[in-house]
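Novice: this one's sequence-less:
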C-alpha cells in the first residue's frame with residue numbers, strides 16, 4: 001500500500017489515484033469549493049462541472065493530476081510563501097505577508113459607480129491591459145443583466161467593464177486556465193498568453209492556483225500563463241440556486257437588485273443605491289457552500305494584491321499589496337490617474353478592522369477544522 005504524505009504540494013506517489021479518489025475525498029464530503037482547478041488540470045479533459053460539482057465526463061486515464069492539484073488534498077503554505085514572497089510569514093503577519101497597504105477607488109466616475117467598493121479591481125485590470133502588463137483577465141461576470149448567476153469569463157480591454165461588481169455565488173473560474181492554455185499558449189512558437197494573464201478570484205481560488213503552480217506532479221504547467229493574481233476579500237460563497245430561492249422566499253426579486261454588498265457580517269441588497277434588505281450572514285448558513293466552513297482566509301493571503309471593502313467608507317476599497325509586481329502596478333495606476341489613493345491615516349485605521357475581521361474568521365473556522373475527523377481537513381489549512 002502506498003504511503004501518502006499529503007502535507008506537501010504534490011507527490012509522485014499519488015500517481016495511481018483516479019478521479020474517483022478526488023470525488024470520494026473532496027466532492028462527496030462537500031469539501032470542494034468549486035475552484036475549477038481540477039477541470040483545468042486534467043490533461044484529457046475528463047472532468048466537467050455539473051450541478052455545482054466536478055464530474056467525470058469522459059474516460060479517466062488515472063494520472064492523478066486532479067488529486068495532486070486540488071488544494072483540499074493538502075497545501076504546504078510555507079513552501080508556497082517562500083516561492084511567492086521569498087519568506088514564510090511571521091506570527092506578526094496577521095493577514096499574511098505584505099509590503100504595504102492603501103485605501104483607493106477608481107478615478108473614473110463610471111467605474112467607481114459600476115464596480116464593487118470603488119471599482120479598484122476593474123481599474124487595476126484596465127490599467128494593466130492598457131499598459132500591456134496583461135493581455136486578458138480570468139474573472140467572473142453575471143450571465144446577463146437580470147440574473148445574478150455567475151459565469152467564468154476571460155475579459156480583455158474591450159469588455160473588462162462587464163466584470164465590475166461582486167457576485168456572491170460560486171463560479172469555477174479557474175477552469176479557464178486550461179482552456180486558455182490549450183487554445184492560445186500551447187502552440188509551438190506562440191507566446192500570446194504566456195505570463196500575460198491576470199487571475200481574479202476568491203482566496204480559495206488563489207490557493208487552488210498556487211497549488212497548481214508549484215506542484216511537481218506532471219509536466220502540464222498551465223499556470224505559466226498567469227503573471228498577476230488579485231484576490232477579493234471573502235466571508236463565504238453561496239449556491240446561486242439556493243440564494244435565489246432564499247431571497248424569493250422573502251419576497252425579493254433578484255432581477256430588481258443592482259448590487260450586493262457584504263460588510264460587518266451582513267449581506268445587503270440594493271436597487272440603485274436604495275437598500276432593499278440586510279441579512280446577517282448567520283441567517284444564510286444553510287445556503288452557504290459547506291466548503292466555506294473550513295476556510296481560514298478572509299483577504300486572499302497568497303495573492304499579489306488583495307482588495308476588499310472592510311474597514312473603509314462606501315465607495316472605497318482597502319488594498320493589500322503583497323508582491324513587488326502588485327505594488328508596482330498599483331502605484332503606476334495611481335500615478336497614471338486610473339486610481340485615487342486615500343490618506344495613509346485612513347488606511348492605518350482600516351487595517352485594524354481588517355485584522356480583527358480576519359482573526360474572527362480564522363477563530364470561527366478553526367473550531368470546525370479542529371473538530372473534523374477528516375485528516376485532509378487539517379492538511380489543507382494552516383492552524
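Specialist: Received, thanks. None of the values given here were measured: they were computed from a predicted structure.
Novice: helices and strands of the protein: which one bottoms out on pLDDT?
Specialist: When the helices and strands of the chain are compared on mean pLDDT, DSSP states H and E, helix 109-114 comes out lowest with a mean of 77.
Novice: so which residues of the stretch 51-200 of the chain form helices?
Specialist: Applying DSSP state H, counting those that start in this stretch to the stretch 51-200 of the chain gives helices spanning 65-69, 77-85, 109-114, 120-130, 176-180.
Novice: in TSV: those helices, plus mean neighbour count and distance to residue 198.
Specialist: Using the backbone N, CA and C atoms, a C-beta is placed for each residue, glycine as well. Converted to TSV, those look like this (neighbours: other CB atoms under 10 Å; distance: least, CB to CB, whole Å):
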stretch	mean neighbour count	distance to residue 198
helix 65-69	28	20
helix 77-85	17	15
helix 109-114	16	16
helix 120-130	25	6
helix 176-180	22	12
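Novice: can I get the ones you listed in a markdown table with distance to residue 101?
Specialist: Shown next, in a markdown table, are the helices of the stretch 51-200 of the chain (distance: least, CB to CB, whole Å):
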| stretch | distance to residue 101 |
| --- | --- |
| helix 65-69 | 32 |
| helix 77-85 | 15 |
| helix 109-114 | 20 |
| helix 120-130 | 13 |
| helix 176-180 | 29 |
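Novice: ok, the closest residue in space to residue 162 that isn't next to it in sequence - contacts?
Specialist: Leaving out its chain neighbours, the residue that sits closest to residue 162 by CB to CB, 6 or more residues apart in numbering is residue 141, at 5.1 Å. Residues counted as contacts of residue 141 (CB atoms under 8 Å, 6 or more residues apart in numbering) are 150-151, 153, 155, 162-163, 167.
Novice: any idea which of those is closest to residue 235?
Specialist: Distance to residue 235 across the contacts of residue 141 (CB to CB) is lowest for residue 167, with 14.0 Å.
Novice: my guess is the closest one contacts residue 140, does it?
Specialist: Yes - using CB atoms under 8 Å, residue 167 is in contact with residue 140, at 5.9 Å.
Novice: quick check: neighbours shared by these two?
Specialist: Common contacts of residue 167 and residue 140 (CB under 8 Å, 6+ apart): residue 150.
Novice: burial of residue 21, as a residue count?
Specialist: Residue 21: 16 surrounding residues under other CB atoms under 10 Å.
Novice: is it in contact with residue 67, as I believe?
Specialist: Yes - the pair residue 21 and residue 67 qualifies as a contact (CB under 8 Å) at a distance of 5.7 Å.
Novice: which residues in the stretch 251-383 of the chain form strands?
Specialist: Taking DSSP state E, counting those that start in this stretch to define them, one finds strands in the stretch 251-383 of the chain at 259-263, 266-271, 274-280, 305-308, 317-321, 339-341.
Novice: list the contacts for the residue lying closest to residue 97 once chain neighbours are set aside?
Specialist: Leaving aside its sequence neighbours, residue 97 sits nearest to residue 85 (CB to CB, 6+ apart; 4.3 Å). The contact partners of residue 85, by CB under 8 Å, 6+ apart, come to 97, 322-323.
Novice: grab the most central residue of the chain for me.
Specialist: Most central in the chain under CA atoms, centre = their mean is residue 202, positioned 2.0 Å from the mean C-alpha point.
Novice: which residues sit against the least confident helix or strand of the chain?
Specialist: By CB under 8 Å, 6+ apart, helix 109-114 touches 105-106, 118-119, 122-123, 126, 161, 164-165, 315.
Novice: now, of the residues you listed, which are buried?
Specialist: 105-106, 118-119, 122-123, 126, 161, 164-165 (16 or more other CB atoms under 10 Å).
Novice: now residue 276. Nearest residue, chain neighbours left out?
Specialist: residue 269 (4.8 Å).
Novice: report how many residues lie close to that neighbour.
Specialist: 21.
Novice: is it in a bridge, and if so with what?
Specialist: Under DSSP bridges, the beta-bridge partners of residue 269 are residue 260, residue 277.
Novice: check contacts around it.
Specialist: By CB under 8 Å, 6+ apart, the contact set of residue 269 is 247, 252, 257, 259-260, 275-278.
Novice: just the buried ones from the residues you listed, in ChimeraX syntax?
Specialist: To isolate the buried ones among the contacts of residue 269 in ChimeraX, judged by 16+ other CB under 10 Å, type:
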select :247,252,257,259,260,276
